[in-house]
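Peer 1: A predicted structure for the sequence below; I have some questions about it.
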Amino acid sequence: MKMKQKLSLVIILTMLLSLTAPVGLPAYADTVSSSSTEHTFYINEGDITMTAGTGGHDGMIVVSHGAPSVTAHVYENDTLVITGTTTANRVLVDGVKAKIAIQNVNIQSSGAAFELKNNADGTLTLEGANILKSGALMAGLQVSSGNTVTINGTGSLNAQGGSQGAGIGGGDSGAGGDITIEGGDITATGGDMGAGIGGGYNGAGGDITIEGGTVTARGGSSGAGIGGGISGVGGTTTIEGGTVTATGEAGGAGIGGGAWQAGGSVTIEGGTVTATGGDMGAGIGGGYNGAGGSVTIEGGTVTATGGDMGAGIGGGDSGAGGDITIEGGTVTATSGGQGAGIGGGIGGAGGTITINAAATVKAASETVSNPAIHTLSDDIEAASTAAMFMANLSGQKPAGTPTHIHVKDVFNPMTSFSPTRAYQSIAVTVPADTSYQVKTDGHYQQHLTSPLTEPSTDFVIAGAGLAAFDDVENAANPPIVNDEQAPPTGLAGIAPTSTANNDGKITGTTTTMEYKLHASSTWLEVTGTEITGLSAGTYNVRYRAKVGFHASPSITITIPTYTAPSTGGGGSGSSSPRPPATPSASKDITIIVNNETQKSGTETRTEIDGRTEIKLVVDSQQMKNHLENAIKENNGTNEVIIPVTNTGDIIKVVLTGDILKKMEDHNVTLSVREEKIEYRIDSANFTIEKIAQTMGISLDSLQSIDVEISINKIPAAQAEALKEQATASGHEILFDPVQFEITARATSADGKVQEVKINQFSHFAERIMGIPEDIDPSKVATGIVFHADGSYSHVPTVVFEKDGKWYARISSLTNSIYTLIGNPITVAAVENHWSKVPVNDMAARLIISNPNTFEPDQPITRGEFAQYITKALGIYRTDEITTTKFTDVSKEDKLFNAITVATEYGLISGYPDRTFKPNDQITREEAMSMYARAMEIVGLKEADNKRIEKYKDKDQVADWAYEAVKKTVSIGVFSRKTGETINPKDTFTHAEAATAVRNLLVKAQLINP
């Protein structure tokens, strides 16, 4: 009653306001959110529908709610809280992106209780206990193909599909959409023939990602726990963390395909996963009559149990094993009846199986016809090196019936053993070498080489003593008697180079070792032939434990303290000792804060191997005082300049983390300025909070982090090698190469030095280089950055004159070695072409990599345009890239690096099927979408957002591309077909692409016009 009275008052007030509204101003009957970011709606009062705003409400969400319906307009970033109980009403998210919190909701509807449709994208936060139960043909939480939901929060959700609908995902004949679970306690139950999470009847699983939370998914009859409904393939399932329990029903896999379908693609990277197939379905893989698909396990604890006739991991009844790769984690795979532990279901061929050393695999089979591990070619893939424990568990199996154990070996690809009693099991290790043997409880022994030996009571498998077992529990957890390893030898401790440095090291190590400070209990892996960054002290080093072996006894290594070299006389020797570093007395330094010169810190000058190092350590307290005073007087952009008055080969500037945090909070630009080089960095680039989190340091202890900014003029020999490399490519180096580095360091209480390199930025950092007086400034084509493999590429560069001197300003999003080059080049193909100027400029800047074969009017492909943009922005690189997210882009592809980097920076996203189609000709609207994302990187904002209205064909732009096209045309630099048309579906030529990226850089003032 009170609610109705309040509503009546609201309606009366609204009517009065509309009657008294001034002439010329509209009177709205609906509500519009202003500063509030959270709005509460009650499902018990009527349906709640969210659609896109139009007219004056573009960019907003229209929420229709209640009965009679009332309309509210809210902003996309607002949170819509839904609460209440109903058996008649429903929630519909129709074509909008919305942030929704459900709070103790109980919706039990004859239709879809909660549905996302028409490319909707919802973030669903769980608060309290929630129930979504739908009627026939609908999913409990309906997210069909083309729609996206992300579920998080600390509450719970019980989603129940109606007949032929999934618990979460598609309804009747509907595939699941993009479903991501980040947290919460979720129970999803499919209706008859629907998956717990994934497809409904005849629907594939969609794209399902579980990152955390507790997830329990059970399919309806013939549906997978997670994956496809009946006749639906498993789709793509990725589990990164959380606790996941997935159970298929009659014919459905625990995770994978529904009955009659294959498992799709399943990747498990972490978490605790328990997957149980329904009758005739695999634990993970295919449903009844379905192959295993692709299963990759990289980590986590995975227990997979097949239904009767299904494999633990692999095919369902009559289904082949598929492609199964186990790279890590602890995996237990057991057939529920007639299938293999890992491989095919009953009547199904084996799989292609790879098991690597990082994994612990336990496989069991209950059948004569299928072994614990069943492969297509009677062998495990050659890459396999892991310990595997296999068991025959059938109580009815007579003694003497062979159980096959398939082991890849250069001498003999298969061996077997004959159990002497029921339930007998065997454990076997596949080591990296080829000298090993397999034995069963002293009754039978077989070498993997010929001839066979007689039975023996002694047996060794790669140094691990193993036994036969009498029951399932023991077979799943066999005891291993490990051998001992000898301790390491040949290690040495090297003292730090000065009392100020923690650069001591231990030499002679390998990556099979681990180490710790003597007083610590935490062992750390060794990553190379040296352990670096150590302070003086006592350390322990040992070999790590491995399959069949305990960790070795440790040895003690002492890193001595730094001792200054003696300057006294001595006998003459045949060799000259390395000259010691000779630091000068420290002196005060001055800094410039918002044009005010202040004292703040000390400078030392040290000679090391004939090179001069100048180190400036900023006094934190003085700097803090200077900053606070400057900030009080200036509310805009602030600048701190640290001048280096002495010339040197290596310049190091050290500031503490708390100072950098204060600078970041107040938008301070930091500049280290030497005579010929200036390094300007936006303080946000230091990401000091992220660095502290990586090091495990709290925000109130940021002062314990030293951040060192280094400008290193490359030694002459290395510089000469780089010049020769450039000359061989037809380029001339015009400025001695300089290396820029930023390193954060912190020393823990146990003396361990943590070090984090800051190599990638979110904002462009500038390097300003003084062009030598004997170099004509017009010769400078561009700045370049060297990659770790020695190759180099363009970085945006502006040449300018100031006070009679010429400079080059390089803008980059990374740290590395930089220099300037000359590259006189003309592209013959554009001599009489409209694109002559931009194409020649882009070729000189190395963005066009094939100027001699350039075809200006040839359509450019999607991959080629990605390469143009990454090279133009200076983010292209050729090192440290090993994988790609796209199934149709291999590492051997010549555009692999460009496409992968473009993905990292958000320039491209590809298609829903995880392809990129790099060789397809790019359309103009596709190119504009990449271009709009590049605008964000260079800081170009949308200018004239009404500009698109002047184009006659704006309605031909695809909905998914419209905002990007609008943003791109707003700044007027993207080449157009005519002044009146966009031609969004047309192809895009190489000349147009070169012109577009050049215009972008010019507009952002990153290169000269």
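Peer 2: Thanks, I have it.
Peer 1: how close does the residue positioned nearest the centre of the chain get to Arg680?
Peer 2: With distances taken as C-alpha atoms, centre = their mean, Glu904 lies nearest the centre of the chain, 8.2 Å away. Relative to Arg680, Glu904 is positioned 24 Å away (C-beta to C-beta, to the nearest Å). C-beta: built from backbone N, CA, C; applies to glycine.
Peer 1: hang on, the earlier thing: now the residue nearest to the centre of the chain: phi and psi?
Peer 2: phi -60, psi -40 (degrees, to the nearest 10).
Peer 1: likewise for Glu864?
Peer 2: Dihedral pair for Glu864: phi -70, psi -40, per degrees, to the nearest 10.
Peer 1: without its sequence neighbours, what residue ends up closest to it?
Peer 2: Nearest residue to Glu864 in three dimensions, chain neighbours excluded: Leu895, at 6.9 Å (C-beta to C-beta, 6 or more residues apart in numbering).
Peer 1: so that neighbour makes contact with Gln867?
Peer 2: Yes. Leu895 lies in contact with Gln867 (C-beta atoms under 8 Å); the separation is 5.7 Å.
Peer 1: quick one: the helices in the stretch 101-250 of the chain, in order.
Peer 2: Counting by DSSP state H, counting those that start in this stretch, the stretch 101-250 of the chain has no helices to list.
Peer 1: what ranges of it fall below the confidence cut-off?
Peer 2: Counting by pLDDT under 70, the low-confidence segments of the stretch 101-250 of the chain come to 234.
Peer 1: in whichever strand or helix holds Met663, what's buried?
Peer 2: In this structure, Met663 is located in helix 657-665 according to DSSP states H and E. Neighbour counts over helix 657-665 (16 or more other C-beta atoms under 10 Å) mark 657-664 as buried.
Peer 1: and it, what does it pack onto?
Peer 2: helix 620-633, helix 688-695, strand 706-713 (3 or more C-beta pairs under 8 Å, 6 or more residues apart in numbering; DSSP states H and E).
Peer 1: again, only this time at 10 Å
Peer 2: helix 620-633, strand 638-643, strand 668-673, strand 677-682, helix 688-695, strand 706-713, strand 738-747 (3 or more C-beta pairs under 10 Å, 6 or more residues apart in numbering; DSSP states H and E).
Peer 1: okay, these in a markdown table with mean neighbour count next?
Peer 2: Output for these, formatted as a markdown table (neighbours: other C-beta atoms under 10 Å):
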| stretch | mean neighbour count |
| --- | --- |
| helix 620-633 | 16 |
| strand 638-643 | 20 |
| strand 668-673 | 20 |
| strand 677-682 | 21 |
| helix 688-695 | 17 |
| strand 706-713 | 19 |
| strand 738-747 | 19 |
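Peer 1: quick check: neighbours shared by Leu895 and Gln867?
Peer 2: Common contact partners of Leu895 and Gln867 (C-beta atoms under 10 Å, 6 or more residues apart in numbering): 861, 902, 918.
Peer 1: grab the nearest non-local neighbour of the last one.
Peer 2: Closest residue in space to Pro918, ignoring its immediate chain neighbours: Gly863 at 3.1 Å, by C-beta to C-beta, 6+ apart.
Peer 1: if we can go back for a sec, any chance of the shared contacts of Leu895 and Gln867 in CSV, plus neighbour count and secondary structure?
Peer 2: What follows is the shared contacts of Leu895 and Gln867, written out as CSV (neighbours: other C-beta atoms under 10 Å; DSSP: H, G, I helix; E, B strand; the rest coil):
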residue, neighbour count, secondary structure
Thr861, 19, strand
Ala902, 27, helix
Pro918, 24, coil
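Peer 1: nearest to Asp279 among those residues?
Peer 2: Pro918 (44.1 Å; C-beta to C-beta).
Peer 1: could you give the number of residues near the residue nearest to Pro918?
Peer 2: Here the number of neighbours of Gly863 (other C-beta atoms under 10 Å) works out to 23.
Peer 1: helix/strand/coil for it?
Peer 2: Classification of Gly863 using DSSP: H, G, I helix; E, B strand; the rest coil returns helix.
Peer 1: I'd like to know how far it sits from Ala964.
Peer 2: From Gly863 to Ala964 the distance is 19 Å (C-beta to C-beta).
Peer 1: what helix or strand is the residue found closest to Glu525 once you drop the neighbours it is linked to in the chain on?
Peer 2: Nearest residue to Glu525, sequence neighbours excluded (C-beta to C-beta, 6+ apart): Glu514, at 5.4 Å. Assessed by DSSP H and E, Glu514 sits inside strand 513-517.
Peer 1: what about the helix or strand following that strand, average pLDDT?
Peer 2: Sequence-wise, the next helix or strand downstream of strand 513-517 (DSSP H and E) is strand 524-525. Averaging pLDDT along strand 524-525 yields 89.
Peer 1: and Ser778, that one's in a strand?
Peer 2: No. According to three-state DSSP, Ser778 belongs to no strand; its state is helix.
Peer 1: does it really touch Ala808, like I thought?
Peer 2: No. Judged on C-beta atoms under 10 Å, Ser778 makes no contact with Ala808 at a distance of 11.8 Å.
Peer 1: higher neighbour count, the two?
Peer 2: More neighbours surround Ala808 than the other of Ser778 and Ala808, with 22 against 9 (other C-beta under 10 Å).
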